[in-house]
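K.L.:
Fold the following and give me the result.
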Amino acid sequence: AVAYQDTNTLLHILQAEYRLRMMRQQTNTKKVSGSEHQQFLSRRSSKIISDADSVTCSGSVLTNPKVNVMNKMVVDCSRAGANVLFVAVLGPGGQEQVHVKHKEDNKFLVEFIMKESGKHILYIKWGDQNIPGSPFLLEV
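P.N.:
This is a model prediction of the structure:
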């Protein structure tokens, strides 16, 4: 767990979590029954295993983020089973636009530009679970 001492950072975290919940509610407007979901999963694999702790990420943005530059990183979910990758960046001015490109073998290229200097929070989730280290605090 990451401890945040200033109230502005905590406020940003809470706002981002609220936005993520609202996005989930908006995308869940079409209800899928439990049996439909199970049938879908059974067609994909006889045994679905998801492990957020097996997700890794790499890139200079984690140690040396830049403002007004395309920051890139690779998120490797190849050993994490089947799930959905969620990535969000929240900065002093609000949420930044994030591009996620699926490459191969459950590896993703993540790109975003931080438009303002200051503290940013990078959220990376595999399904509903934070990956190791997430949320990341980036300072530019």
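K.L.:
which residue ranges form the strands in this structure?
P.N.:
56-58, 70-76, 85-91, 94-96, 98-102, 107-113, 119-126, 129-130, 136-139 (DSSP state E).
K.L.:
Counting by contacts, list what the last one packs against.
P.N.:
Spelled out, that is strand 136-139. Identification of packing neighbours for strand 136-139 by 3 or more Cβ pairs under 8 Å, 6 or more residues apart in numbering; DSSP states H and E yields strand 119-126. C-betas here are computed from N, CA, C, even on glycine.
K.L.:
hmm, 10 Å instead?
P.N.:
Where contact means 3 or more Cβ pairs under 10 Å, 6 or more residues apart in numbering; DSSP states H and E, strand 136-139 is packed against strand 85-91, strand 119-126.
K.L.:
got the contact list for it?
P.N.:
2, 4, 9, 13, 57, 61-66, 71, 73, 89, 91, 114, 117-124, 130 (Cβ atoms under 10 Å, 6 or more residues apart in numbering).
K.L.:
Okay, now the sheet partners of that strand, with direction.
P.N.:
strand 119-126 (antiparallel) (DSSP bridges).
K.L.:
So for Ile49, which of the strands of the chain sits nearest?
P.N.:
strand 119-126 (11.7 Å; Cβ to Cβ).
K.L.:
between the closest one and strand 85-91, how many degrees?
P.N.:
Strand 119-126 runs at 170 degrees relative to strand 85-91, counting by axes from the mean of the first three to the mean of the last three Cα atoms, to 10 degrees.
K.L.:
quick one, strand 119-126 and strand 98-102 angle?
P.N.:
30 degrees.
K.L.:
Make JSON lines from the helices and strands packed on strand 136-139 and add mean neighbour count, distance to Lys103 and mean pLDDT to it.
P.N.:
JSON lines is the format used below for the helices and strands packed on strand 136-139 (neighbours: other Cβ atoms under 10 Å; distance: least, Cβ to Cβ, whole Å; pLDDT from 0 to 100):
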{"stretch": "strand 85-91", "mean neighbour count": "21", "distance to Lys103": "12", "mean pLDDT": "97"}
{"stretch": "strand 119-126", "mean neighbour count": "22", "distance to Lys103": "16", "mean pLDDT": "97"}
